[in-house]
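> give me coordinates for this.
(2 chains)
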Amino acid sequence: RKEVEQDPGPFNVPEGATVAFNCTYSNSASQSFFWYRQDCRKEPKLLMSVYSSGNEDGRFTAQLNRASQYISLLIRDSKLSDSATYLCAVNAPTGGFKTIFGAGTRLFVKA
Amino acid sequence: DTGVSQDPRHKITKRGQNVTFRCDPISEHNRLYWYRQTLGQGPEFLTYFQNEAQLEKSRLLSDRFSAERPKGSFSTLEIQRTEQGDSAMYLCASRQGSMNSPLHFGNGTRLTVT
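Below you'll find the predicted structure:
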């Protein structure tokens, strides 16, 4: 079993749609959680950290469920510019808190 | 620009040759990480430095791979006797010491082994 697993993509949605991505992690001792965005042939960039109480940044909402070892990302009112790969990431509790990434979920937003 | 920088951006080499990549992290970040990413996959952890000390190496890092961070600043990743399976994007990232701090990635070095 992979340490971090994400919904297989791709997701194809129209502009204005709401889309949700899910992610599960296997190590219950994991400490920190993130969503990164990666555009084609570019490096990953931090989209948002994920806090236990849930957090929102504009159209983006992240949730964490430690009991279920589950992380989610909700994008409301999708824009064409949201088209990218979304990577779920978890800081492992050992090894300098190395970050383990999921395989990513590809999102295509169409006009 | 005070972000993470990597050099070169692209490298094409023939199988069997050695290649070396360089990473300059954000100056105040003491932790430096190397990742490898292939198409359709997320970044895979290779190795990690805290200052000049290499504290962890992934099993993915065969004996042909070696990384250094001699003065706790820039780092190099060398691949000896390259194989076609080494073709990938090699990403360097740095972060501050807090376990809650995110990674900051460089643009990556895209390696193609022919």
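> and the residue of chain A nearest chain B?
A:Phe101 (3.4 Å; C-beta to the nearest C-beta). C-beta: built from backbone N, CA, C; applies to glycine.
> that residue: what's its closest spatial neighbour, skipping adjacent residues?
Spatially, and ignoring its direct neighbours in sequence, A:Phe101 is nearest to B:Gly42 (3.4 Å; C-beta to C-beta, 6 or more residues apart in numbering or on different chains).
> quick one: contacts for that neighbour?
A:4, A:87, A:89, A:101-104 (C-beta atoms under 8 Å, 6 or more residues apart in numbering or on different chains).
> which one of the residues you listed is nearest A:Pro10?
A:Gly104 (10.1 Å; C-beta to C-beta).
> excluding its backbone neighbours, what's nearest that closest one?
Excluding its sequence neighbours, the residue lying closest to A:Gly104 (C-beta to C-beta, 6+ apart) is A:Thr85, at 4.2 Å.
> that neighbour contacts A:Gln38, doesn't it?
Yes - the pair A:Thr85 / A:Gln38 is scored as a contact, 4.6 Å apart, by C-beta atoms under 8 Å.
> enumerate the residues of chain A near chain B.
Residues of chain A lying close to chain B (C-beta under 8 Å from any C-beta of the partner chain) are A:4, A:31-32, A:34, A:36, A:41-46, A:49, A:87, A:89, A:91, A:95-104.
> please check those residues and keep the buried ones.
Among these, those scoring as buried are A:4, A:32, A:34, A:36, A:43-44, A:46, A:49, A:87, A:89, A:91, A:96-104 (criterion: 16 or more other C-beta atoms under 10 Å in any protein chain shown).
> residue ranges with poor pLDDT in chain B?
Across chain B, the ranges flagged by pLDDT under 70 are B:1.
> close to chain A: what parts of it are there?
B:31, B:33, B:35, B:40-45, B:48, B:50, B:55-56, B:91, B:93, B:99-100, B:102-108, B:110.
> number of nearby residues for residue 11?
Let's take chain A. Neighbours of A:Phe11 under the rule other C-beta atoms under 10 Å in any protein chain shown: 19.
> if you could check chain B rather than the one you did, that'd help
Residues lying near B:Lys11 (other C-beta under 10 Å) number 19.
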